[in-house]
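Student: Coordinates only, no sequence provided:
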Ligand SMILES: [Zn+2]
């Protein structure tokens, strides 16, 4: 099945496909092990920094290898590419989905580049995600409340969203309805689910993604899926688990130098997080 067919199935059956970022091979192994254990489709994604580190061709090859070996659908998404050039790296490497994030650009410029990305990507049958209200925060652990971060800009206007997807032809919209990137020490992430539903009603033939999925209460995520979300992005919680568990394992095994022995327990902990997310997203046993 193609990425479009998977998103259509998710929308029809009201589940979401988790889009998990890969910053290294260990995270990759954890995600695919979780998808395999849960019999779930999964999206592997790389931000510009991660794409540079892992290299686009490697990410695609690893995804195809694991998909074949484990018999699970693994889609590959280019996450938050900020220019046409960055998008082309993913298109040429054979990614399945391309997220062009023009939200830091002027609206008109964003529209123009998004149209070009759509033309290039659709020629190859790829899915394009667009964004115009810059989703705040970053994939880190922040101190304070998410409320401060999410109040920085107004939430997505449903009419503007309708215009954006119509003019650009993007398939997925990354809307802002209270979601912010990262995990906040005081919590405070609160989704405007009525707004999400209104945005969704304006674009019945399109898909909606939830960025900044880390740190949002499971019940809210489930409700967001009920109201139209079919892709949820997760990064920070995996990064956090990697770092904390790696420190733990190194502390407990000061003499161990075989990397794969150090890394397996770290992978196991990240896998648990991904499996828990898959349960929340309702994508288990959908293969
Ligand atoms: Zn994001």
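Tutor: Alright, I've got the coordinates. Please read these numbers as outputs of a predicted model, since none were measured by experiment.
Student: Next, give phi and psi for the closest residue to the ion within the chain.
Tutor: As assessed by C-beta to the ion, the ion sits closest to residue 211 within the chain, at 3.5 Å. The way it works is simple: take the backbone N, C-alpha and C, and place the C-beta from them, glycine included. Backbone torsions of residue 211, given as degrees, to the nearest 10, read phi -90, psi 160.
Student: Pull the contacting residues for it.
Tutor: By C-beta atoms under 8 Å, 6 or more residues apart in numbering, the contact list for residue 211 reads 131, 135, 174, 179, 181, 233.
Student: you'd agree the fourth one is in a strand?
Tutor: No: counting by DSSP: H, G, I helix; E, B strand; the rest coil, residue 179 falls outside a strand, being coil.
Student: Going by secondary structure, the spatially most central residue of the chain is in what exactly?
Tutor: With distances taken as C-alpha atoms, centre = their mean, the residue of the chain nearest its centroid is residue 233 (2.7 Å). Per DSSP states H and E, residue 233 falls inside strand 229-234.
Student: so residue 242 touches residue 263, yeah?
Tutor: No: assessed by C-beta atoms under 8 Å, residue 242 is found out of contact with residue 263, at 9.5 Å.
Student: residues bridging contact with those two, i.e. touching both?
Tutor: By C-beta under 8 Å, 6+ apart, the residues touching both residue 242 and residue 263 are residue 26.
Student: State the mean pLDDT of the host helix or strand of residue 201.
Tutor: Using DSSP H and E, the element containing residue 201 is helix 193-202. On average, the pLDDT along helix 193-202 is 98.
Student: longest strand of the chain?
Tutor: The longest strand of the chain (DSSP state E) is strand 74-81.
Student: Give the pairing partners of that strand; include direction for each.
Tutor: Note on strand 74-81: by DSSP bridges, its sheet partners are strand 42-46 (parallel), strand 97-101 (parallel).
Student: List of residues touching that strand?
Tutor: In contact with strand 74-81 (C-beta under 8 Å, 6+ apart) are residues 3, 6, 17, 19, 21, 32, 35, 41-48, 50-51, 56, 59-60, 63-64, 66-67, 86-87, 89-90, 94-101, 129, 131, 233.
Student: Show me which of those are buried.
Tutor: Among these, those buried by neighbour count (16 or more other C-beta atoms under 10 Å) are 3, 6, 17, 19, 21, 32, 35, 41-48, 50-51, 56, 59-60, 63, 66-67, 86-87, 89-90, 94-101, 129, 131, 233.
Student: can you tell me which of those residues are up against the ion?
Tutor: Filtering the buried ones among the contacts of strand 74-81 for neighbours of the ion using C-beta under 5 Å from the ion leaves residue 233.
Student: Which of the buried ones among the contacts of strand 74-81 fall in helices?
Tutor: 3, 6, 32, 35, 48, 50-51, 56, 59-60, 63, 66-67, 86-87, 89-90 (DSSP state H).
Student: okay, the residue of the chain lying at maximal distance from its centre: pLDDT?
Tutor: Using C-alpha atoms, centre = their mean, the residue of the chain lying farthest from its centre is residue 255. It sits 37.0 Å away. As predicted, residue 255 sits at a pLDDT of 97.
Student: tell me which element it falls in.
Tutor: Using DSSP H and E, no helix or strand contains residue 255.
Student: Please report the distance of it from residue 261.
Tutor: For residue 255, the distance to residue 261 (C-beta to C-beta, to the nearest Å) stands at 11 Å.
Student: just residue 22 next, same as before
Tutor: Distance from residue 22 to residue 261, counting by C-beta to C-beta: 22 Å.
Student: still on that earlier bit, bridged to the residue nearest to the centre of the chain, which residues?
Tutor: Beta-bridge partners for residue 233, by DSSP bridges, are residue 19.
Student: what's the neighbour count on residue 263?
Tutor: 19 (other C-beta atoms under 10 Å).
Student: secondary structure class for it?
Tutor: Using three-state DSSP, the structure places residue 263 in helix.
Student: residues touching the closest residue to it other than its chain neighbours, list them.
Tutor: Computed as C-beta to C-beta, 6 or more residues apart in numbering, the closest residue to residue 263 that is not its neighbour in sequence is residue 26, at 5.1 Å. If a contact means C-beta under 8 Å, 6+ apart, then residue 26 has 242, 263, 266-267, 270 as its contacts.
Student: What strand or helix carries residue 26?
Tutor: Using DSSP H and E, residue 26 falls within helix 25-38.
Student: Please spell out which residues along that helix are buried.
Tutor: 26-36, 38.
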